[in-house]
Structures are given as C-alpha cells and as structure tokens.
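Engineer: Return a 3D structure for these sequence lines:
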Amino acid sequence: MKLALPSVITNITVPLLGLIDATIVGHMGTTFYIGAVAIGSTIFNMTYWLFGFLRMGTTGIVSQAHGAGDDQGMYDALFRSLSWAMLISLILLLLQTPLLHLALWMMAPEGEVARYATQYFRVCIWGAPAMLATYSLTGWFIGMQDTRTPMWMAILQNLLNIFATLLFVFVFGMGVRGVALGTVVGLYGGVAYALIEGRRVKSEEFKLLWNNIFSWKCNSNSSLFTLHFSLFLRTLCLVAVTVYFTSAGSRLGTLYLDANALLMQFFIIYSYFTDGLANAAEALSGEHTGARNWEALRSTIRSLFCWGLSLALVFTLLYALAGPWFLSLLTNQETVLQTARPYLPWLVAVPFVALPAFIWDGVYIGMTATRRMFLSMLVAAIVFFSLWFLLGPSNHMLWLAFLAYLFTRSLMQTLLFRV
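Structural biologist: Below is the predicted model of the structure:
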C-alpha cells in the first residue's frame, strides 16, 4: 500500500484533469467543442499509447534490476528510455500533418467538430517531447519503488494544466486552442520537476551511461527489442479498440459522440484508481521476479485482488447511485444528457468486469511477460470487433462489445498466468 496509495493519488489527478477539460468545453456554449476535444484527446491517446512501452518496459526492466541488485542496469534503462522518447518525439513533430489527416479520416467527425479538433491538435502536438519523457521518468521511478515522485510530478502537472486552461480560455478567450495550450504548459512543468528530482545521477555516471544508451541488452532472458515490440503490439490492439469506439460513436451522430465522451469519463476514473494497484504490482512483481522469489509474488497477487475487489464494489455502488448526478456536472447540454442516460447501466458493470485485466497488466509488466499481454489483448480486440460487426450499429451494441472486450482481457490473462 505504500506503493499503491501514491500511485492512486497520481492517477486521480489525470481523470480530474480530463474532467476539468470536459467541463470547461461543456460550458463554452456549443456541443461542437465537446466533440472536438474528445476527438483531439483520442488522437493523442491513440498516438501516445502506442509508445506506452517507454513507461511499461522501463518499469519492468528497472524493477527486476532493483530486485537483483543491479544498479548499473537501473540507470542504463532510464537513459535508453529517454533517448527513445526524444527520437520518437522528433518523428511525431515532423509527421504531424499526415498523422492528423489519418486520424480525422479514421474518426470521420462532422465539419465544425473537425475544424476545432484540428486547432486542438496543432497546439497539443508540441507537448509530445514532454509527454514521452514523462513516460520514461515515471516508469523509472516506479521501478525504483518510488511512487511519491511521480505523484508530485502529476499533481504539479495537472495543477498547472488546470490553471493555464482556465486562464487561456476564460481570460484570453482562446477557445479550444486555450484548452490545448494549458495541456502543453502542464506537461513541461511536470517534466521539469521530475528532472530536478532525478539529479541523484552524478555527472560522472552520466558520461559512462551515455555510452550504453543504445545498448540492446535488457537482461539474461530477453532482449529490449522483443520486450518493447510485444508491448507495442499489445498497445496497438488497445488503441485500435479505443479509436474505433470513438469513431463508431461519431458515425452514429454527434450527440452519440458527445454522450460517449462523457460516459467514458466513468471508465477513465475507475481505470486510474485500479492503475494505482497495477503500478504497485509492477514494482513488486518485478522485484520478486528479479530475486526469483515466487512465493512472495503469489502473495502479492493475492493482496492485490483483495484490495481490488473492495475498490470495484465501491465504484459499482457509486455509479449505480450517483451516475445521473455526475453526468449533470459534466455538461449543461440537455440533449447530450438525454442521449447519455440510457447507457449508464453499462458503466455500472465496468468495475468488476475490468478489475482482473488491470491487475494482471501490472503483474505481467513487472515480470516482463509481454507476449502474454499481447496475446490476451489480441483475443480481446478480436472479440470486440466481431461482436460489433455481428450485432449491428447501435450504441447499446457498442457498449456491449466494449464490456465483452474487457471481460475477455481479464479471462485470458487469468488463464495464461504461470511462473
């Protein structure tokens, strides 16, 4: 719990930030803004999630090195990850125009929504170096069993974001561009704090480690490329489901796009709470794997599920009792609220269905068992798309396919666990 609680606090700030953005645009006078920020956010989630291996892979490698007492391996992993982050960021900045066109083609938003989404994207893309560096630094700190520094980094990041967004939107009247610029300001502020905290690495060690940044050695059992490539493929499946979910809602109409964007906040809030437990699982399962202490690993997993089931029960009750009230906080657009309310029962089912998937993700990342993660996600994605195309285009069927996808992830990862 010393590891999990700071991670929960860290992750709480992320959905709070999304809620602030959603609430601000929900009160800006037109439903086009809600859809535009939903589209823009999905583009960046889609893009950044593809490179989530920068965090997950770093945590797994560092936590195992920590368990094995390999200090050199811990620092090597950090600098390799940061180098990849900067290289990928440069590529994203150079290819931003084709990336935007591809994303808009895939999600097919209506004219005004597309225009505002483009404004959001053109500003937010300049936060890519900070975002990917955040992945690397967060993964390293968690692997070192330090979840407090990522907590303070995220809190600072999101406070800056909220303050800047309110300033740019309501004082300077920048509209959607102000929402995006607030995000960029927050990202760079958080990274600056993390780099200051990371100065524990001495200058002499930095010179030595720089020579090994592009070393492909991960550990005695797997290569860095194999580890990252499996995580990349796993994340690609996740992104495909998430992007198509938004795209399907968009094709059903702007009201459904807006309603699903607000409803998805329920899932996001829950996921970031359970990700706090998953982060603890990454650090501890990696340490136990590095030390080859399998009994301690099994004990950790049992504890994680005990805490997770309690958390799922709390969220189930909250969503069942306070769902309509929470929706009304997100927007005052009555047409959007009327569209969203019939789909609240699907959100009530999310906590228990999704819980095992989140916890097993953390365990597998710590164990660097990334091929099993990819296989589980691949099967779950196939289930999602199969149900959607077989059952027909309606928003209820879309949510049913999404719940089936979460359940399949949970089931597959449970069946594939072994040490």
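Engineer: got a list of contacts for stretch 1-9?
Structural biologist: With CB atoms under 8 Å, 6 or more residues apart in numbering as the test, stretch 1-9 has contacts from 142, 145, 147-148, 150-151, 155, 272-273, 275-277, 279-280, 283-284, 307. Backbone N, C-alpha and C define where each C-beta goes, glycine included.
Engineer: and residue 355, how far is that from residue 252?
Structural biologist: 29 Å (CB to CB, to the nearest Å).
Engineer: Same check on residue 74?
Structural biologist: 48 Å.
Engineer: higher neighbour count, these two?
Structural biologist: Comparing residue 74 with residue 252 by neighbour count (other CB atoms under 10 Å), the higher total belongs to residue 74, at 20 against 17.
Engineer: check contacts around the more buried one.
Structural biologist: So residue 74 contacts 62, 65, 66, 140, 143, 144 (CB under 8 Å, 6+ apart).
Engineer: Tell me, how many residues neighbour residue 183?
Structural biologist: 27.
Engineer: what helix or strand does it sit in?
Structural biologist: helix 176-197 (DSSP states H and E).
Engineer: quick one: average confidence on that helix?
Structural biologist: Computed over helix 176-197, the mean pLDDT rounds to 89.
Engineer: in that helix, what's buried?
Structural biologist: 176-191, 193-194, 197 (16 or more other CB atoms under 10 Å).
Engineer: can you give me the offset of that helix from its chain's centre?
Structural biologist: 17 Å (CA atoms, centre = their mean, to the nearest Å).
Engineer: can you check stretch 342-350 too?
Structural biologist: That offset, for stretch 342-350, works out to 21 Å (CA atoms, centre = their mean).
Engineer: pLDDT (mean, whole number) over that stretch?
Structural biologist: Stretch 342-350 comes out at a mean pLDDT of 91.
Engineer: contact partners of it?
Structural biologist: Counting by CB under 8 Å, 6+ apart, 259-260, 263, 266-267, 270, 315-316, 319-320, 323-324, 327, 395-396, 399-400, 402-403, 406 sit against stretch 342-350.
Engineer: among those residues, which ones are buried?
Structural biologist: 259-260, 263, 266-267, 270, 315-316, 319, 323, 327, 395, 399-400, 402-403, 406.
Engineer: in the stretch 151-300 of the chain, which spans are helices?
Structural biologist: Under the criterion DSSP state H, counting those that start in this stretch, the stretch 151-300 of the chain carries helices at the ranges 176-197, 203-210, 224-252, 254-290, 294-330.
Engineer: Check which helices and strands the first one sits against.
Structural biologist: Under the contact criterion of 3 or more CB pairs under 8 Å, 6 or more residues apart in numbering; DSSP states H and E, the helices and strands touching helix 176-197 comprise helix 4-26, helix 31-49, helix 111-124, helix 128-143, helix 148-166.
Engineer: ok, back up a step: please convert the helices of the stretch 151-300 of the chain to CSV, extending it with distance to residue 58.
Structural biologist: Formatted as CSV, the helices of the stretch 151-300 of the chain follow (distance: least, CB to CB, whole Å):
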stretch, distance to residue 58
helix 176-197, 13
helix 203-210, 14
helix 224-252, 10
helix 254-290, 10
helix 294-330, 20
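Engineer: any idea which of these is most buried?
Structural biologist: The highest mean neighbour count among those, using mean count of other CB atoms under 10 Å, belongs to helix 254-290: a mean of 24.
Engineer: report the angle between the axes of that helix and helix 148-166?
Structural biologist: Inter-element angle recorded for helix 254-290 and helix 148-166: 160 degrees (by axes from the mean of the first three to the mean of the last three CA atoms, to 10 degrees).
Engineer: Looking at the contacts of residue 74, spot the one nearest residue 383.
Structural biologist: Of all the contacts of residue 74, residue 383 sits closest to residue 143, with 31.9 Å by CB to CB.
Engineer: so where's the stretch 201-350 of the chain shaky on pLDDT?
Structural biologist: 201-225 (pLDDT under 70).
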